[in-house]
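1. My questions are about this predicted structure, shown below with the sequence.
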Amino acid sequence: MLKPVERRALTLIRNRLVHFGQAPSVRELSKELGFQSPRSAALIIGRLIDEGYLKRRDGDRALQLLKMPNDTDDRVSTVSVPLVGSAPCGAPLLAEQNIEAWYPVSSNLARQGAKYFLVRARGDSMDEAGIADGSLVLVKQQEVAETGDVVVALVDDEVTIKELRLSSSAAALIPRSSNKSHRPILATREMRVQGVVVASVSDALE
């Protein structure tokens, strides 16, 4: 059973990961919790790691959220879904070093038998499709998609979220934005689709 201060620390870490993709530093967490010394916050982080709520990522040692306390009704079925960052230099999007946190998502959204991930949207290129800057988007992992699907794709090793349009020889990634400066991205049909967007779920994770 987590103590109230441990639960608050975990919530603060979760919120920073959701909105900024990075956990607070020990000093930042100490200040948020009202401690005089960073050591108190470091001890709480250590206990949360020991209890299986957090871990240190391999490589950069950044904090990764594994779970939140299970306060939900046992009848609610959930699936653990990873929140991933970008994938620089061609690294696989779902490589361990890109996973920032794991979240329980209702099996009504993330259905059993398929694989899903969460990704943070950047920019306003899909705001008219309900995907705002900073939104968390639930994505069904798959390598193929159809015209009209909103997809997550890797273009020049950058993650982008756009509506897919296919022709016999090419593909276009179409923005749906109130900002008319955004232009379609033209690519071959062999571009790397990572998955199809299921929903924008930021509000549910607040």
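-> Received it, and whenever you're ready, just let me know what you need.
2. Can you list the low-confidence ranges for this structure?
-> 71-76, 86-95, 157, 189-190, 202-206 (pLDDT under 70).
3. Residue 183 and residue 172, how far apart?
-> Computed as C-beta to C-beta, to the nearest Å, the residue 183 to residue 172 distance reads 10 Å. All C-beta atoms are positioned from the backbone trio N, CA, C, and that covers glycine.
4. Dead centre of the protein: give me the residue that sits there.
-> residue 83 (2.9 Å; C-alpha atoms, centre = their mean).
5. residues in contact with that residue?
-> 17-18, 99-103, 117-120, 136 (C-beta atoms under 8 Å, 6 or more residues apart in numbering).
6. A helix includes it, no?
-> No: with DSSP: H, G, I helix; E, B strand; the rest coil as the criterion, residue 83 is located in strand rather than a helix.
7. Just grab the bridge partners of it for me.
-> Taking DSSP bridges as the rule, residue 83 bridges to residue 101, residue 118.
8. Kindly export stretch 122-136 (C-alpha atoms) in CSV.
-> Below are the C-alpha coordinates for stretch 122-136, written out as CSV (Å, rounded to 0.1, in the frame of the first residue of the first chain):
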residue,chain,number,x,y,z
ARG,A,122,3.4,17.4,-31.8
GLY,A,123,2.2,20.5,-33.6
ASP,A,124,-1.2,21.5,-35.0
SER,A,125,-1.2,19.6,-38.3
MET,A,126,-4.2,17.4,-37.2
ASP,A,127,-6.2,19.7,-35.0
GLU,A,128,-9.3,19.5,-37.2
ALA,A,129,-9.2,15.7,-36.6
GLY,A,130,-9.3,16.2,-32.9
ILE,A,131,-5.6,15.7,-32.3
ALA,A,132,-4.1,18.8,-30.7
ASP,A,133,-0.5,19.6,-29.9
GLY,A,134,0.5,17.5,-26.9
SER,A,135,-2.4,15.0,-27.3
LEU,A,136,-1.8,11.4,-26.4
